[in-house]
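Enquirer: model the following, please.
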Amino acid sequence: MPIVVSRKECKIKIPFTDRLDGIPLPRGFILPQFTQFNGTDKALDWYMTLSLKSIDTYQQKTDSFIPKFGSAIQAHQGEQELMDIEQWPNESLRSYHKRYNDILLTIPEVNNKIA
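Expert: Below you'll find the model as predicted:
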């Protein structure tokens with residue numbers, strides 16, 4: 001039996017439209033474990049200002065969120081940084097490889113010739 005999220009079960013106002021209310025979650029969905037909001041988080045404050053039934057798609061939510069909080073999102077490092085990386089003096093190969101991979105993982109669509 002699919003899990004269904006319904007606004008009737010929520011104790012806070014929800015900005016999503018009726019179309020999104022009660023949509024079954026995908027089979028095998030596991031609810032992520034999040035740190036519970038303490039009521040003072042700025043993103044939660046923003047969320048609570050959204051008008052009822054004002055969000056009908058994930059894109060609408062994203063388009064509302066990014067102008068307010070986009071600067072807090074870490075921008076990915078570019079391919080140029082990946083090409084410029086050098087092993088530091090006295091740095092182990094393992095440490096260098098980890099740094100390289102950490103940068104590589106921040107690039108959404110890296111050119112395979114560079115990686």
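
Enquirer: where in the protein is the helix or strand with the lowest mean pLDDT?
Expert: Ranked by mean pLDDT, DSSP states H and E, the weakest helix or strand in the chain is helix 79-84, scoring a mean of 79.

Enquirer: give me the buried positions along it.
Expert: By neighbour count on 16 or more other C-beta atoms under 10 Å, the buried set for helix 79-84 is Glu79, Leu82. C-beta here means a position set from N, CA and C on the backbone, and glycine is covered the same way.

Enquirer: now stretch 49-57
Expert: Leu50, Lys53, Ile55.

Enquirer: how about stretch 15-32?
Expert: Pro15, Phe16, Leu20.

Enquirer: ok, stretch 83-98 next?
Expert: Using 16+ other C-beta under 10 Å as the burial criterion, none of the residues of stretch 83-98 qualify.

Enquirer: and it, end to end?
Expert: One end of stretch 83-98 sits 15 Å from the other (C-alpha to C-alpha, to the nearest Å).

Enquirer: over to stretch 15-31?
Expert: End-to-end distance of stretch 15-31 (C-alpha to C-alpha): 20 Å.

Enquirer: from Ser92, how far out is Gly78?
Expert: 25 Å (C-beta to C-beta, to the nearest Å).

Enquirer: do the same with Asp102
Expert: From Asp102 to Ser92 the distance is 15 Å (C-beta to C-beta).

Enquirer: with Thr17 instead?
Expert: Distance, Thr17 to Ser92, using C-beta to C-beta: 54 Å.

Enquirer: can you name the next helix or strand after the least confident helix or strand of the chain?
Expert: Using DSSP states H and E, the next helix or strand after helix 79-84 towards the C-terminus is helix 93-104.
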